[in-house]
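*Asks:* Provided below for reference: sequence and predicted model.
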Amino acid sequence: FGLMRGREFIMKDAYSFDRDPATAKASYQVMAQAYRRIFDRFGLTYRAVAADSGAIGGDLSEEFQVIAATGEDAIVYCPSSDYAANLEKAESLAPTEPRPAPARTMEKTPTPDMSTCADVAQYLKVDLKTTVKSLVLATDTLDDQGLVVKSQVWLLLLRGDHSMNEVKVGKLPGLAGFRFATLTEIDDHFGCKPGYLGPVGLKQALKVVVDRDAAVMADWICGANEPDFHMTGVNWVRDLPEPELVADLRDVVAGDASPDGQGVLAIERGIEVGHVFYLGTKYSEAMKATFLDVNGKPQFLEMGCYGIGITRLPAAAIEQNHDERGIIWPDALAPFTVVLCPIGPDRFPDVKAAADQLYSDLLAAGVDVILDDRGERPGAMFADWELIGVPHRVTLGDRGLKEGMVEYQHRRDAASTQVPVAEIAALIQSRLKV
């Protein structure tokens, strides 16, 4: 990840404390809009996405994700609407089509050494979407000393081409703090090793949760609870009871229907640079942090918390703004917005004088400018500043100055532009985006 995973990590944290949910949510929106203005000023392409609050808690949360192919997070959005969420939060809607009627009988089919849905589908020459995967979880009940006094085994059924979303699963009733079942627990309930597990012919009863897509499948394939065999042509009602608990268990995929009903979903990569949370009274109740209301009665504070990854911002900006020659800094983040490159100032006094004068004029105008007075050859000097990424470059040479001209080039420009010396300061100021 290059700069994204540097040793140093600096975070900006802020907190709000309000008297009621309405004012707390107003504070949340003020901070969320402030973050948007910050990222807009930095010239970043980003999305504010609905997010799961995770361990921090609260029921309202947004992440700010800078769009980058190297991003560690998947961002789900609808190109034809404003919907956006992270992968943990994005909802997979239930299919609108009814379950087809059974068309095949259930059979135990040999699948030698085929222990994954993908292997089975390839071996049987069927679509992976006709398979169902079995994921076995467990939850533990603890006593006052933290010892396990009871365990409950769960079977989750998902379509073979889908992936379980652990955040969604952990929010289901009874599955908070789940773990994956042990081999002993699996053997006790299925009598079989992983790779060939299924809901047909269980040794012991367990709790079954079925994903929305799997719940409307017909003639599907699952493990036979016997090594090297799978059941084909399995159907609900006829071969198994109608699932009692159907829920959204999976990650969405590109092409799924958007939860806002405005189109289909797309997925891109992003780098999280900020996060805002409305916490409610989760922490004020735990800390007994109260205030006296207008009636003199103590009330718990309504809280919000807000963070920006200070050191992640420039790293994310580089991921989004670079080419084969180096960094291309947005103006508001650049170490210097303008670099002056005089050619041969030691040999041409007029070049040195013009560069010094322009440097002074830009400084007086409040421009963050640097003058390269090293006397380097043009090629080496330009390569250095392209690598560093200063966005605006002015080149001053003896031949151009004799004609009253200098060369201006933005870091993204393919070629320089001739500009009259008398106009260059005004041109630069008009192009700065700070």
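*Replies:* Perfect, thanks for sending it.
*Asks:* quick one: the helices in the stretch 301-434 of the chain?
*Replies:* Counting by DSSP state H, counting those that start in this stretch, the stretch 301-434 of the chain has helices at residues 312-320, 349-364, 378-388, 398-402, 421-431.
*Asks:* in the fourth one, what's buried?
*Replies:* By 16 or more other CB atoms under 10 Å, the buried positions in helix 398-402 come out as Asp398, Gly400, Leu401. Just so you know, the C-beta spots here come from the backbone N, C-alpha and C atoms, and that holds for glycine as well.
*Asks:* which residues touch the first one?
*Replies:* When contacts are counted by CB atoms under 8 Å, 6 or more residues apart in numbering, Asp398 touches Ile343, Gly344, Arg347, Phe348, Asp350, Val351.
*Asks:* are any of those residues buried, and if so which?
*Replies:* The neighbour-count test (16+ other CB under 10 Å) applied to the contacts of Asp398 identifies Ile343, Phe348, Val351 as buried.
*Asks:* how far away is the second one from Lys402?
*Replies:* The span separating Phe348 from Lys402 equals 10 Å under the rule CB to CB, to the nearest Å.
*Asks:* what's the closest non-adjacent residue to Phe382?
*Replies:* Closest residue to Phe382 apart from its sequence neighbours, by CB to CB, 6 or more residues apart in numbering: Cys341 at 6.9 Å.
*Asks:* neighbours around that neighbour, how many?
*Replies:* Counted with other CB atoms under 10 Å, residues neighbouring Cys341 total 26.
*Asks:* quick check, it in contact with Arg374.
*Replies:* No. Using CB atoms under 8 Å, Cys341 is not in contact with Arg374; the gap is 9.8 Å.
*Asks:* helix, strand or coil: sort out Ser81 for me.
*Replies:* The three-state label given to Ser81 by DSSP: H, G, I helix; E, B strand; the rest coil is coil.
*Asks:* also Ala121?
*Replies:* Quick answer, by three-state DSSP: Ala121 is helix.
*Asks:* now do the contacts for it.
*Replies:* Ala121 is in contact with Asp127, Leu128, Thr130, Thr131, Gly160, Ile221, counting by CB under 8 Å, 6+ apart.
*Asks:* separation between Val273 and Lys133?
*Replies:* When Val273 is compared with Lys133 (using CB to CB), they lie 35 Å apart.
*Asks:* what about stretch 77-94, start to end distance?
*Replies:* Length of stretch 77-94, first residue to last, CA to CA, to the nearest Å: 18 Å.
*Asks:* next, name the residue at the spatial heart of the protein.
*Replies:* Asp73 (3.2 Å; CA atoms, centre = their mean).
*Asks:* so for that residue, what's the nearest residue that isn't a sequence neighbour?
*Replies:* Nearest non-adjacent residue to Asp73, counting by CB to CB, 6+ apart: Gly270, 5.0 Å away.
*Asks:* quickly find the element holding that neighbour.
*Replies:* strand 266-280 (DSSP states H and E).
*Asks:* show me what the following helix or strand past that strand packs onto, helices and strands only.
*Replies:* Using DSSP H and E, the next helix or strand after strand 266-280 towards the C-terminus is helix 282-287. Helices and strands touching helix 282-287, by 3 or more CB pairs under 8 Å, 6 or more residues apart in numbering; DSSP states H and E, are strand 302-309.
*Asks:* give me the contact list for the strand it packs on.
*Replies:* The contact list for strand 302-309, computed with CB under 8 Å, 6+ apart, reads 9-21, 23-24, 27-28, 31, 35, 38, 56, 272-284.
*Asks:* partners of that strand in the sheet?
*Replies:* Sheet pairing of strand 302-309 (DSSP bridges) gives strand 11-18 (antiparallel), strand 266-280 (antiparallel).
*Asks:* tell me the most buried of those?
*Replies:* Scoring the strands paired with strand 302-309 by mean neighbour count under mean count of other CB atoms under 10 Å gives strand 266-280 as the most buried, with a mean of 22.
*Asks:* and the longest helix seen in the chain, how far out from the chain middle?
*Replies:* Determined from DSSP state H, the single longest helix within the chain is helix 21-41. Chain-centre distance of helix 21-41: 20 Å, with CA atoms, centre = their mean, to the nearest Å.
*Asks:* do the same with stretch 354-373
*Replies:* With CA atoms, centre = their mean, you get 41 Å for stretch 354-373.
*Asks:* where in the stretch 51-200 of the chain is pLDDT low?
*Replies:* 55, 57 (pLDDT under 70).
*Asks:* now the strands for it?
*Replies:* Along the stretch 51-200 of the chain, the segments classed as strands by DSSP state E, counting those that start in this stretch run 60-67, 73-77, 84-86, 107-110, 132-142, 148-159, 179-180.
*Asks:* which other helices and strands does the third one contact?
*Replies:* The helices and strands touching strand 84-86, judged by 3+ CB pairs under 8 Å, 6+ apart, are strand 46-50, strand 73-77.
*Asks:* helices or strands next to the last one in the packing?
*Replies:* Other helices and strands packing on strand 73-77, by 3+ CB pairs under 8 Å, 6+ apart, are strand 46-50, strand 60-67, strand 84-86, strand 266-280.
*Asks:* just the residues contacting the first one, thanks.
*Replies:* Just to be clear, that refers to strand 46-50. Here strand 46-50 makes contact (CB under 8 Å, 6+ apart) with 32, 35-36, 39, 61-67, 75-77, 84-86, 89, 270, 273.
*Asks:* just the buried residues of those residues.
*Replies:* 32, 35, 39, 61-67, 75-77, 84-86, 89, 270, 273.
*Asks:* and the strands in the stretch 201-350 of the chain?
*Replies:* For the stretch 201-350 of the chain, applying DSSP E, counting those that start in this stretch gives strands covering 207-211, 220-223, 229-234, 245-247, 266-280, 290-292, 298-300, 302-309, 322-323, 326-327, 338-342.
*Asks:* can you redo these as a markdown table with distance to Val149 and mean pLDDT?
*Replies:* Shown next, in a markdown table, are the strands of the stretch 201-350 of the chain (distance: least, CB to CB, whole Å; pLDDT from 0 to 100):
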| stretch | distance to Val149 | mean pLDDT |
| --- | --- | --- |
| strand 207-211 | 18 | 97 |
| strand 220-223 | 31 | 98 |
| strand 229-234 | 35 | 97 |
| strand 245-247 | 24 | 96 |
| strand 266-280 | 32 | 93 |
| strand 290-292 | 36 | 96 |
| strand 298-300 | 33 | 96 |
| strand 302-309 | 35 | 95 |
| strand 322-323 | 56 | 94 |
| strand 326-327 | 58 | 96 |
| strand 338-342 | 69 | 98 |
